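*Asks:* Dropping the sequence and predicted coords here.
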Amino acid sequence: MRLALSVVFSSLAGYLLGAETIEVKTLVLLTFGGYFMVGASNAFNQIIEKDLDALMDRTKNRPVPAGRMSVTTAFIIASVFTLLGIIILYIINPQTAMFGAISIFLYTCVYTPLKTKTPLSVFVGAIPGAIPFMLGWVAATDDFGIEPGTLFAIQFFWQFPHFWAIGWFLFEDYKKGGFFMLPTGKQDKATAVQTIMYTVWTLLVSLIPAFGITGRLYLTPISAIVVGLLGIGMLYYAIQLYKKMTVQAAKQLMLASVSYITLLQIVYVLDKFIR
């Protein structure tokens, strides 16, 4: 539910940034379409990983591995959610539906199988994970250009420190299921350094709209300063992970990353409507 809500929140933020005139109908369609989209991805994921989920404390109580729901029932739900999600997004416009379908496909058919094969799965998973923010802009404009591309880039780079932080503090649990989530496969300095690097990239990409080179997506100097301070805060916790190399430091970075992307989207939207 938390993941679904974060996807819907990102989509709505992207829509508000792209829309010249806000249409309640489109907002409602985007909310339900985004919810069904992430629901379908999660359902297919839990079907594919049911045996591995049963091995991990974090996931063993999910409906399928716990035996409360059959694979057949889960597959029906996943299929219905896929159809509903794509149809609802198509009502908005075909491009929105296309990106929604790409997201479900990549998450289910590429990211999920790769999780037990290679740490590069995080790179692949970052693609569908970055689609919701740009999806809202495409829903508002029926156009893919520099603006939604920038929104995609922000959420794409952000996911690396976010998921590596999760992979760090859940390392032992992930190991039970055979998942490779950290870039080096270990809780080591190299992983911590890469986490810092991608945090810096996230901050830099987040500030690009302040330079007036991203079309209608623009950030005023004051808002850029706020975003910069948020990014420095996230970077602080990434550096703390490097210094301490502890589960607690990883949890703090994860919380800081969630705060960062949420507050960034709020700042972007407020900046558009206040200036």
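*Replies:* Everything's here; your move.

*Asks:* How about the backbone phi and psi for the closest residue to Thr116 other than its chain neighbours?
*Replies:* Spatial nearest neighbour of Thr116, chain neighbours left out: Gly178 (4.8 Å); criterion: Cβ to Cβ, 6 or more residues apart in numbering. The way it works is simple: take the backbone N, C-alpha and C, and place the C-beta from them, glycine included. Backbone torsions of Gly178, given as degrees, to the nearest 10, read phi 80, psi 30.

*Asks:* Helices of the stretch 1-150 of the chain, residue ranges please.
*Replies:* 2-18, 24-48, 50-53, 71-92, 94-105, 112-114, 121-141, 146-169 (DSSP state H, counting those that start in this stretch).

*Asks:* Touching, Leu30 and Phe9? I think so.
*Replies:* No. With contacts counted by Cβ atoms under 8 Å, Leu30 stays clear of Phe9, the gap being 11.0 Å.

*Asks:* who has more neighbours, those two?
*Replies:* Leu30 (26 against 19; other Cβ atoms under 10 Å).

*Asks:* hang on, Ala139 packs against Asn93?
*Replies:* Yes. The pair formed by Ala139 and Asn93 meets the contact definition of Cβ under 8 Å, at 6.8 Å.

*Asks:* Between those two, which has more neighbouring residues?
*Replies:* Ala139 (30 against 16).

*Asks:* Can you read off the pLDDT for the more buried one?
*Replies:* pLDDT, Ala139: 94.

*Asks:* Repeat that for Tyr174.
*Replies:* Reading off the model, Tyr174 has pLDDT 86.

*Asks:* ok, and the closest non-adjacent residue to it?
*Replies:* Met181 (5.5 Å).

*Asks:* what does Leu241 give?
*Replies:* Ala249 (4.5 Å).

*Asks:* which stretch of helix or strand covers the one you found?
*Replies:* helix 247-274 (DSSP states H and E).

*Asks:* quick one: buried residues of that helix?
*Replies:* 249-254, 256-258, 260-261, 264-265, 267-269, 271-272 (16 or more other Cβ atoms under 10 Å).

*Asks:* Would you report the backbone torsion angles of Gln187?
*Replies:* phi -90, psi 70.

*Asks:* what about it, distance to Thr59?
*Replies:* Distance of Gln187 to Thr59, given as Cβ to Cβ, to the nearest Å: 20 Å.

*Asks:* Please put the alpha-carbon coordinates of stretch 258-275 into PDB.
*Replies:* Extracted C-alpha coordinates of stretch 258-275, given in PDB (Å, rounded to 0.1, in the frame of the first residue of the first chain):
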ATOM      1  CA  VAL A 258      12.000   9.100   1.100                       C
ATOM      2  CA  SER A 259      11.800  12.500   2.700                       C
ATOM      3  CA  TYR A 260      13.900  14.000  -0.100                       C
ATOM      4  CA  ILE A 261      11.800  12.800  -3.000                       C
ATOM      5  CA  THR A 262       8.500  13.600  -1.300                       C
ATOM      6  CA  LEU A 263       9.600  17.100  -0.300                       C
ATOM      7  CA  LEU A 264      11.200  17.700  -3.700                       C
ATOM      8  CA  GLN A 265       8.000  17.000  -5.500                       C
ATOM      9  CA  ILE A 266       6.100  19.200  -3.100                       C
ATOM     10  CA  VAL A 267       8.600  22.100  -3.600                       C
ATOM     11  CA  TYR A 268       8.500  21.700  -7.400                       C
ATOM     12  CA  VAL A 269       4.700  21.900  -7.400                       C
ATOM     13  CA  LEU A 270       4.500  24.800  -5.000                       C
ATOM     14  CA  ASP A 271       7.100  26.600  -6.900                       C
ATOM     15  CA  LYS A 272       5.000  26.400 -10.100                       C
ATOM     16  CA  PHE A 273       1.800  27.700  -8.500                       C
ATOM     17  CA  ILE A 274       3.300  30.300  -6.200                       C
ATOM     18  CA  ARG A 275       5.600  32.100  -8.600                       C
END
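
*Asks:* All set now, cheers.
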